[in-house]
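Asks: would you be able to build a 3D model of this:
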Amino acid sequence: MNIPAVLGAAGIITLAALAQATTGFGFSLLAVPLLSLTAGPVDAVVGSSVLAVLLNAVAVTRDHTEVRWRTARTVLLAGVAGLPFGLLALILLPARVLTMLIAVCVLGGTVAIWRGLRIRAGRTAMATAGFLSGVLTTATGVNGPPMAAAFTAMGLPPRQFRATLAAVFVVVGPIGVAGFVLAGRFTTDSLIIAAAGLPAVAAGWWAGDRLFGRLTDPARFRTVVLCGLTAASVTTLLRAAFA
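Replies: Alright, predicted model coming up:
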């Protein structure tokens, strides 16, 4: 990656971390499709996955008393089982197809969050959502929507929602990263993204945390973020389709 690409990646990650801190979602949904336009889909997935582990670790540390551990264990086991299937897709799919898959997953996840998609709560539903999230973790890096739908169906309060989601991903994420290493997908560019992203994540989280305290209309800002996610996914999809 050249210097402009590195600076662009840092800017994307800062924006994604800001969105995550302000709204509670959006890091992978925003970072992966935009990074795939500059660094390629595999490096985007691997590099952003490393940074997502850091964000989730911070969230769990701050709100560990709010984690629903019984629920987390159920979805965690299913999520770990899904990781190898997603890694297989990452290895076998051509770059163009993988880019389109990322864009479709981001667009679908954005619509699901926007429309407040719910699934029927229960152990089977939790396990299914966990497995699907595990597959998406290593295939596309966009793993939040299935779990968001499941936890919404359970009616978890916002703080428990965020903390339990982070508790699952803070375990699934490092296992996924280890899978990338074993599969030889941890390239120089993905390391550069992760290294450039560390200060960018800190800056984005700091700005987003302060912005959140000053928002007079959080719902309007959430709509702006969702519009941005839609635009990012559509742009990525069109670029992959007509490249």
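Asks: list the contacts of the residue nearest to the spatial centre of the chain.
Replies: By Cα atoms, centre = their mean, the chain has its centre lying nearest to Ser28, at 2.8 Å. Residues near Ser28 by Cβ atoms under 8 Å, 6 or more residues apart in numbering: 16, 48-49, 52, 141-144. C-beta coordinates here come from the backbone N, C-alpha and C atoms, glycine included.
Asks: of the residues you listed, which is the nearest to Ser133?
Replies: Using Cβ to Cβ, Asn143 is the member of the contacts of Ser28 that lies nearest Ser133, at 4.6 Å.
Asks: contacts only, for the closest one.
Replies: 28, 133-134, 136-137, 169, 172 are the contacts of Asn143 under Cβ under 8 Å, 6+ apart.
Asks: Gly176 now?
Replies: By Cβ under 8 Å, 6+ apart, the contact set of Gly176 is 49, 83, 86-87, 137-138.
Asks: got those residues as JSON lines, with secondary structure and distance to Ala125 columns?
Replies: Output for those, formatted as JSON lines (DSSP: H, G, I helix; E, B strand; the rest coil; distance: Cβ to Cβ, whole Å):
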{"residue": "Ser49", "secondary structure": "helix", "distance to Ala125": "25"}
{"residue": "Leu83", "secondary structure": "helix", "distance to Ala125": "20"}
{"residue": "Gly86", "secondary structure": "helix", "distance to Ala125": "20"}
{"residue": "Leu87", "secondary structure": "helix", "distance to Ala125": "24"}
{"residue": "Thr137", "secondary structure": "helix", "distance to Ala125": "19"}
{"residue": "Thr138", "secondary structure": "helix", "distance to Ala125": "22"}
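Asks: now render those as JSON lines, adding distance to Leu101 and neighbour count.
Replies: Shown next, in JSON lines, are the contacts of Gly176 (distance: Cβ to Cβ, whole Å; neighbours: other Cβ atoms under 10 Å):
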{"residue": "Ser49", "distance to Leu101": "16", "neighbour count": "27"}
{"residue": "Leu83", "distance to Leu101": "16", "neighbour count": "23"}
{"residue": "Gly86", "distance to Leu101": "11", "neighbour count": "23"}
{"residue": "Leu87", "distance to Leu101": "14", "neighbour count": "21"}
{"residue": "Thr137", "distance to Leu101": "13", "neighbour count": "29"}
{"residue": "Thr138", "distance to Leu101": "12", "neighbour count": "30"}
